[in-house]
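[1] Here is the input, now give the coordinates:
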Amino acid sequence: MRRSLLLALAASATVLAGQAAASQYVYTSIPEPGYPVTGVAGLNDSGQVIVDYGNPSGQGSFIYQGGVQTQITPPLIPNGGNHVNASAAAINSSGTVVGTDIQTTNGVGNIFDFEGFVDHAGVYSFVSVPGAVDTQLTGINNAGVVLGKYETASSNGVFTYFTETGGNFTTIGSPGLSQVTAVGIDSAGDVVGNATYQNARVGFIDSGGVYSLLSAPGSQGSTSIQAVSESGLIAGNFFANGRDIGFIDDGGTFTDVQPQNATITEITGINDSGTVVGTANHQSFVDADGTYTMLSLPGPGFDPNNNQGVNSINDAGLIGGSYYSGNGFNYQYTAFIASPASETPPVPEPATWSLLIGGFALTGAALRRRRQASATATATATAA
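    All right, here's what the predicted structure looks like:
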């Protein structure tokens, strides 16, 4: 009897869950007048969004929240000349933004100084690796540890990645690894990235200087980490059987991410609940525990450059990215955010109603029989 009751409830719950699985998104475009290109560079759990914008003459960044834009304007560095570009790269839960500021040196127009900057509520500081000619900041975790890269005059354009906290710099790299690139840093301070090891491209995790290599099960030659959440969930791509397949790594447990009929799946972001965003055959999607929602971005839909897509997601499910807003083959993109919108569950089809009614009827009958049996047992005990 108990088993029948549970099966009836499960059948009804399954139908309801299936009907509620569909979701919609409400899109908000974020343009910048005079600039043909805007794009989301990151967002935090408070809904603050950093947007980069640019045109052939230069670029800049601002924080967007609730329709309000706050420009990111680092001050001139000592002996600096003029601002050329200021580009934000990441924002943490407290609203601290990191990025790279490019200024002319000593007022000379063709000599540039690249400095990493930290913007905390309009209070700016610069980060420059000693001896470096170019320092760029690419990430920051909720503890305020900064991730970046630098090059020296003798490095021939090859960057070295580092973390910085309290003025202390730690280089990222390990013997045997080459072509090291750091992708992100989680709240524990673990850095994830990609490197070449024994002629194969692999992911790595740097936990306090202890390195672990990551290769997705079934990978045929290359694994690439693309994102890490604050809680340490890792997402990326690997190549197998002629396809690019996405994956989630939760402490060594791997889950493939591959929408139906996708031959090229690229993961671009992951939140603490394991929901990922990316593109499949150049169409953006959200994957929540194996349920895929294919997104219809604003704009004409067709992107001749294949650059549009979603690249960020926070723990509330807010996503961000950019969509093609030009016509023809011009290079024009507009930043957007999209919020999940609860919708009224659709009216079930007749067959669905039958299953629901049958399930609830079976449940009600089971409960009535249990009450009758209980009453009979009580009467018998009283008579005795």
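
[2] which parts of stretch 77-96 are buried?
    77, 80-81, 83-93, 95-96 (16 or more other Cβ atoms under 10 Å). The C-beta positions use only the backbone N, C-alpha and C, and glycine is treated the same way.

[3] repeat for stretch 266-281
    Per 16+ other Cβ under 10 Å, stretch 266-281 contains these buried residues: 266-271, 274-280.

[4] contacts for stretch 49-58?
    For stretch 49-58, the external contacting residues (Cβ atoms under 8 Å, 6 or more residues apart in numbering) are 30, 32, 34-43, 59-65, 69, 72, 84-85, 87-91, 97, 320, 335, 337.

[5] could you pull out the helices for this structure?
    Using DSSP state H, the helices of the chain run over residues 2-20, 350-383.

[6] residue ranges with poor pLDDT in this structure?
    1-23, 78-81, 83, 105-112, 342-384 (pLDDT under 70).

[7] Go ahead and flag the most central residue of it.
    Among the residues of the chain, the one closest to the centroid is residue 269, at 2.2 Å (Cα atoms, centre = their mean).

[8] could you measure that residue against residue 306, distance?
    Using Cβ to Cβ, to the nearest Å, residue 269 is found at 18 Å from residue 306.

[9] how many other residues sit next to residue 113?
    Applying other Cβ atoms under 10 Å, we find 21 other residues in the vicinity of residue 113.

[10] Who is it paired with across the strands?
    Note on residue 113: beta-bridge partners residue 103, judged by DSSP bridges.

[11] For residue 82, see how far away it is.
    Distance of residue 113 to residue 82, given as Cβ to Cβ: 11 Å.

[12] Can you work out which residues contact both of those two?
    When contacts are counted by Cβ under 8 Å, 6+ apart, residue 113 and residue 82 are jointly contacted by 103, 104.

[13] re earlier: are any of the contacts of stretch 49-58 buried, and which?
    Buried among the contacts of stretch 49-58 by 16+ other Cβ under 10 Å: 30, 32, 35-43, 59-64, 72, 84-85, 87-91, 97, 320, 335, 337.

[14] just checking, which of those residues belong to strands?
    In strands, judged by DSSP state E, the following of the buried ones among the contacts of stretch 49-58 are found: 30, 37-43, 59-64, 84-85, 87-91, 97, 320, 335, 337.

[15] which ones are touching residue 146?
    Residues in contact with residue 146 (Cβ under 8 Å, 6+ apart) are 98, 116, 118, 127, 137, 139, 140, 163, 164, 165.

[16] again, only using 10 Å
    Residues in contact with residue 146 (Cβ atoms under 10 Å, 6 or more residues apart in numbering) are 90, 92, 96, 98, 116, 118, 127, 137-140, 162-165, 169, 185.

[17] One more: residue 267?
    Neighbouring residues of residue 267 by Cβ under 10 Å, 6+ apart: 224-227, 234-237, 244-248, 257, 276-280, 285, 287, 311.

[18] partner residues bridging it?
    In beta-bridge terms (that is, DSSP bridges), residue 267 pairs with residue 278.

[19] begin at 93 from here
    Renumbered: residue one is now 93, and that last one reads residue 359.

[20] That one and residue 316: what is the separation?
    Noted for residue 359: a distance of 9 Å to residue 316, by Cβ to Cβ.

[21] what touches both of the two?
    Shared contacts of residue 359 and residue 316, defined by Cβ under 10 Å, 6+ apart, are found at 328, 329, 336, 339.

[22] got a markdown table for those, with distance to residue 423 too?
    A markdown table is the format used below for the shared contacts of residue 359 and residue 316 (distance: Cβ to Cβ, whole Å):
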| residue | distance to residue 423 |
| --- | --- |
| 328 | 28 |
| 329 | 25 |
| 336 | 25 |
| 339 | 31 |
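
[23] Show the buried residues in these.
    By neighbour count, with 16+ other Cβ under 10 Å, those hold 328, 329, 336, 339 as buried.

[24] wait, which of those is closest to residue 246?
    Nearest to residue 246, judged by Cβ to Cβ, of those is residue 328 at 32.1 Å.

[25] Residue 317 is in contact with that closest one, correct?
    Yes. Counting by Cβ atoms under 10 Å, residue 317 is a contact partner of residue 328 at 4.1 Å.

[26] residues bridging contact with the two, i.e. touching both?
    Residues touching both residue 328 and residue 317 (Cβ under 10 Å, 6+ apart): 275, 284, 286, 295, 306, 308, 339, 341, 359.

[27] which residue packs closest to the first one, ignoring adjacent ones?
    Computed as Cβ to Cβ, 6 or more residues apart in numbering, the closest residue to residue 275 that is not its neighbour in sequence is residue 285, at 4.8 Å.

[28] quick one on the thing from earlier: just the buried subset of the contacts of residue 238, please.
    For the contacts of residue 238, buried by 16+ other Cβ under 10 Å: 182, 184, 188, 190, 208, 210, 219, 229-232, 254-256, 261, 277.
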